[in-house]
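Novice: would you be able to build a 3D model of this:
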Amino acid sequence: MRFLLIHGAFHGAWCWEPVVRELDAAGHSATAIDLPGAGDDTTPIADVTLDSYADRVCAALAAEEAPVVVVAHSMGGMAATQAAARCPGQIAALIYVCAFLPADGQSLVDLTELPEGAGDMVQANMIVEGEPPTATMPRGPAREAFYGMCTDEQAGWAVERIQPQPLAPFVTPASLGEGADDGPPRFYIVSTHDKSIPPALQRRMARERATAEVVEIEADHSPFLSATGELVGLLERFGAAAGAPAPMR
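Specialist: The predicted structure follows:
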């Protein structure tokens, strides 16, 4: 199978490194990309938008042999959902890993303000500064919000790499058009110990967006680190259920 991995806010392609290694070892093709302004990408903050995120995902899909299983984490769900409305024919399945899953006209901030979003440690702790505005996460809250079930070594490795996050993609509503729910099949992985996107909100988004299958795992907001093997197994299972080709070897 071919996988395209989309990171969330404050992160970059680097966060998927353990998953990429395991997928590659199993004979799959796994590519993680930096969204604009994240990781090693140098896009100016003023040019970082939800549209630029979707364009980056569609460009990455165009460079792959279809069909591709798109895996989105956290805020990456906004990018993947918007991209799927633009280039659905290149996507075999969408897998949301404790990720935002908007309806047409919903922004990430809209979703966090739902009753089920109460207790979100990211909105409670991020510091917003500058123009255009960006958010940063202090190290202490980041450790608890993102990596609560990770080892100290895993969390230390990740905390050193998180970056400021432009806010424009948080406040821009998804523009999905008619037939958005008729696109590629969607699967959702709920992390039951998530302190960034409360599990109740994850369940509501999965339920309201006609997700094909929902699986709950005992993990924090970063199962790519804290539950790598279990996550990889679910990615393979969901990809196979959507009819994606078997491993290349």
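
Novice: stretch 142-152: which residues count as buried?
Specialist: Buried residues in stretch 142-152, counted by 16 or more other Cβ atoms under 10 Å: 142-143, 145-150. The way it works is simple: take the backbone N, C-alpha and C, and place the C-beta from them, glycine included.

Novice: likewise stretch 130-137?
Specialist: Residues of stretch 130-137 classed as buried by neighbour count (16+ other Cβ under 10 Å): 134-137.

Novice: got a markdown table for the residues you listed, with pLDDT and secondary structure too?
Specialist: Below are the buried residues of stretch 130-137 laid out as a markdown table (pLDDT from 0 to 100; DSSP: H, G, I helix; E, B strand; the rest coil):
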| residue | pLDDT | secondary structure |
| --- | --- | --- |
| Thr134 | 97 | strand |
| Ala135 | 97 | strand |
| Thr136 | 97 | strand |
| Met137 | 97 | coil |
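
Novice: still on that earlier bit, and the two most separated of the buried residues of stretch 142-152?
Specialist: Ala142 and Met149 (14.1 Å; Cβ to Cβ).

Novice: can you read off the pLDDT for the residue positioned nearest the centre of the chain?
Specialist: Centroid-nearest residue in the chain, with Cα atoms, centre = their mean: His73, separated by 1.9 Å. According to the prediction, His73 has pLDDT 98.

Novice: I'd say it and His7 touch.
Specialist: Yes: if you go by Cβ atoms under 8 Å, His73 and His7 touch, sitting 5.9 Å apart.

Novice: just for this protein, where's the confidence low?
Specialist: Low-confidence segments of the chain (pLDDT under 70): 179, 244-249.

Novice: which residues in this protein form helices?
Specialist: Taking DSSP state H, the helices of the chain run over residues 17-25, 50-62, 76-86, 108-112, 121-125, 139-147, 152-159, 168-171, 199-208, 223-226, 228-241.

Novice: indicate which one of those is closest to Ala180.
Specialist: Closest among the helices of the chain, once you apply Cβ to Cβ, is helix 76-86, at 5.7 Å.

Novice: buried set for the closest one?
Specialist: For helix 76-86, by 16+ other Cβ under 10 Å, it's 76-86.

Novice: now Gly229. Nearest residue, chain neighbours left out?
Specialist: Closest residue to Gly229 in three dimensions, ignoring its sequence neighbours and counting by Cβ to Cβ, 6 or more residues apart in numbering: Glu22, at 6.9 Å.

Novice: contacts only, for that neighbour.
Specialist: By Cβ atoms under 8 Å, 6 or more residues apart in numbering, the contact set of Glu22 is 228-229, 232.

Novice: could I have the buried ones of those residues as ChimeraX selection syntax?
Specialist: Entered in ChimeraX, the line below selects the buried ones among those, by 16+ other Cβ under 10 Å:
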select :228,232
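
Novice: for Ala135, give its distance to Ser52.
Specialist: Ala135 is 17 Å from Ser52, where distance means Cβ to Cβ, to the nearest Å.

Novice: now do Gly148
Specialist: 31 Å.

Novice: next up, the contacts around the residue lying closest to Ile127 once chain neighbours are set aside.
Specialist: Distance criterion Cβ to Cβ, 6+ apart; nearest residue to Ile127, sequence neighbours excluded, is Thr136 at 5.1 Å. Thr136 makes contact with 126-127, 129, 164-165 under the criterion Cβ under 8 Å, 6+ apart.

Novice: which ones among these lie within strands?
Specialist: Mapping the contacts of Thr136 onto strands (DSSP state E) picks out 127, 129, 165.

Novice: so can I have CSV of the residues you listed showing distance to Gly27?
Specialist: Conversion of the ones in strands among the contacts of Thr136 to CSV gives the following (distance: Cβ to Cβ, whole Å):
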residue, distance to Gly27
Ile127, 43
Glu129, 45
Gln165, 34
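
Novice: who wins for neighbours among those?
Specialist: Counting neighbours by other Cβ atoms under 10 Å, the top entry in the ones in strands among the contacts of Thr136 is Gln165, with 25 neighbours.
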